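[1] Here's my sequence, what's the structure:
(chains A and B)
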Amino acid sequence: GAVVSQHPSWVICKSGTSVKIECRSLDFQATTMFWYRQFPKQSLMLMATSNEGSKATYEQGVEKDKFLINHASLTLSTLTVTSAHPEDSSFYICSATKNNEQFFGPGTRLTVL
Amino acid sequence: GNSVTQMEGPVTLSEEAFLTINCTYTATGYPSLFWYVQYPGEGLQLLLKATKADDKGSNKGFEATYRKETTSFHLEKGSVQVSDSAVYFCARSNTGNQFYFGTGTSLTVIP
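    Numbering: from 1, shown residues only, chains lettered A, B, ... in the order given. Got it, this is the predicted structure:
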């Protein structure tokens, strides 16, 4: 298998602040990573595709200026929720591809007060 | 478009009952199909997958067959256990490895 980690596992922040979430592939390199969000009792929704060394590709309806994605190395992608508001509270999950199989991180629970 | 329609839950079954969770998809081309499971407090885990028509994915007693003619990938298990209690997600991927998930079906198995 392969391991994808996320940090932090949970974070609480005040409204208006920015929060950075890291996604790492621990034992493999990933040129592409994906970011999802999951609302309570709902499915995962693909937010964006993170491409190493280039701009992320965002799904329709996802604000790229709100959710900044940086994929600076082959093992790290970061998602920054800028000027967070309570409606951004959610479970954020990343994934990475290895040998055509998708491996998901454990998720980050964001709560915006 | 890219969508996955999954049977709504929650589903409650007695131990050793037969399980079916329906899943249908819409897609252009030939997507790969997956079932993921999310146990309480844990992340998504791949349960099984099928990459082409008529393929059958199987794992831990669960099975699903890729039916192109009905665009379906229904999950089945002949005899569920309490430990199978979890949320099950049907998903499809495109050639870019982007995943599109169904809404999830919560399964509770009671002794």
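
[2] just for chain B, where's the confidence low?
    Where chain B drops to pLDDT under 70, the residues are B:1-2.

[3] Go ahead and confirm residue A:6 touches residue A:20.
    No: Residue A:6 is not in contact with residue A:20 according to C-beta atoms under 8 Å; the separation is 11.3 Å. In short, each C-beta sits where N, CA and C put it, glycine included.

[4] Who has more neighbours out of those two?
    Counted by other C-beta atoms under 10 Å in any protein chain shown, residue A:6 and residue A:20 do not tie: residue A:6 has more neighbours, with 19 against 14.

[5] Contacts only, for the more buried one.
    With contact set as C-beta atoms under 8 Å, 6 or more residues apart in numbering or on different chains, residue A:6 has these partners: A:21-24, A:92-94, A:105-108.

[6] which non-adjacent residue is nearest it?
    With C-beta to C-beta, 6 or more residues apart in numbering or on different chains as the criterion, residue A:6 has its nearest non-adjacent residue at 4.0 Å, and that residue is residue A:105.

[7] Surely the one you found touches residue A:5?
    Yes: the pair residue A:105 and residue A:5 qualifies as a contact (C-beta under 8 Å) at a distance of 6.1 Å.

[8] For these two, indicate the residue with more neighbours.
    residue A:105 (27 against 14).

[9] Backbone dihedrals for the more buried one, please?
    Here is the backbone geometry of residue A:105 (degrees, to the nearest 10): phi -80, psi 170.

[10] Kindly report the residues of chain B close to chain A.
    Counting by C-beta under 8 Å from any C-beta of the partner chain, chain B comes close to chain A at B:6, B:34, B:36, B:42-46, B:89, B:93, B:96-104, B:106.

[11] Give me the buried entries from the residues you listed.
    The neighbour count (16 or more other C-beta atoms under 10 Å in any protein chain shown) marks B:6, B:34, B:36, B:43-44, B:46, B:89, B:93, B:97-104 as buried among these.

[12] which ones among the contacts of residue A:6 are found in strands?
    Counting by DSSP state E, the contacts of residue A:6 place A:21-24, A:92-94, A:108 in strands.

[13] among the helices and strands of chain A, which has the poorest mean pLDDT?
    strand A:101-104 (a mean of 86; mean pLDDT, DSSP states H and E).

[14] what about chain A, any weak spots by pLDDT?
    A:1.

[15] most centrally placed residue in it?
    Closest residue to the average C-alpha location of chain A: residue A:35 at 4.0 Å, with C-alpha atoms, centre = their mean.

[16] Need the three-state assignment for it.
    Secondary structure for residue A:35, judged by DSSP: H, G, I helix; E, B strand; the rest coil, is strand.

[17] Report the beta-bridge partner residues of it.
    With DSSP bridges applied, residue A:35 shows beta-bridge pairing to residue A:48, residue A:94.
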